[in-house]
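Asks: pasting the sequence and the predicted model now:
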Amino acid sequence: MDSEYPVFIAAQMLRFVNQDSYLTLVYRDFLKRGHASEKALEILFNGNVLEDSVMTREYELYAKEGERK
């Protein structure tokens, strides 16, 4: 049974962040504030992708073929 919620994958989230100017801005700010890269990506995922159907669809576009279920 597939979950209706997306699963956090750091590499996939980074591909998404690199294509979105808002996410890039916030990601860089988190890094400047001392967050580790993966933690910053997870915070962005939890705050911007989960519970948002438009962002979830965009996030899913950045899955590599091997990562798709």
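Replies: Looks like it came in fine. Residues are numbered from 1 along each chain as shown.

Asks: for this protein, longest helix please?
Replies: Scanning the chain for the helix with the most residues, using DSSP state H, yields helix 21-32.

Asks: so how far is the helix or strand following that helix from its chain's centroid?
Replies: Proceeding N to C from helix 21-32, the next assigned helix or strand is helix 37-44, under DSSP states H and E. On the basis of CA atoms, centre = their mean, to the nearest Å, helix 37-44 sits 8 Å off its chain's mean C-alpha point.

Asks: could you give the angle of helix 37-44 to helix 21-32?
Replies: 130 degrees (axes from the mean of the first three to the mean of the last three CA atoms, to 10 degrees).

Asks: which secondary structure elements does helix 37-44 contact?
Replies: In this structure, helix 37-44 makes packing contacts with helix 10-18, helix 21-32, judged by 3 or more CB pairs under 8 Å, 6 or more residues apart in numbering; DSSP states H and E. Yep, even glycine has a C-beta here, placed from its N, CA and C like the rest.

Asks: which one of those is the most hemmed in?
Replies: helix 10-18 (a mean of 18; mean count of other CB atoms under 10 Å).

Asks: over that one, what's the mean pLDDT, rounded is fine.
Replies: Per-residue pLDDT over helix 10-18 has a mean of 96.

Asks: just the angle between that helix and helix 21-32, please?
Replies: Put simply, helix 10-18 runs at 120 degrees to helix 21-32, going by the same axes, to 10 degrees.

Asks: related to what we said a few turns ago, present the helices and strands packed on helix 37-44 as a markdown table; the columns should include distance to Asn48.
Replies: As requested, the helices and strands packed on helix 37-44 are exported to a markdown table (distance: least, CB to CB, whole Å):
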| stretch | distance to Asn48 |
| --- | --- |
| helix 10-18 | 9 |
| helix 21-32 | 7 |
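
Asks: closest to Lys64 out of those helices?
Replies: Counting by CB to CB, Lys64 lies closest to helix 10-18 out of these; the figure is 7.3 Å.

Asks: in the chain, which ranges drop under the pLDDT threshold?
Replies: 1-3, 65-69 (pLDDT under 70).
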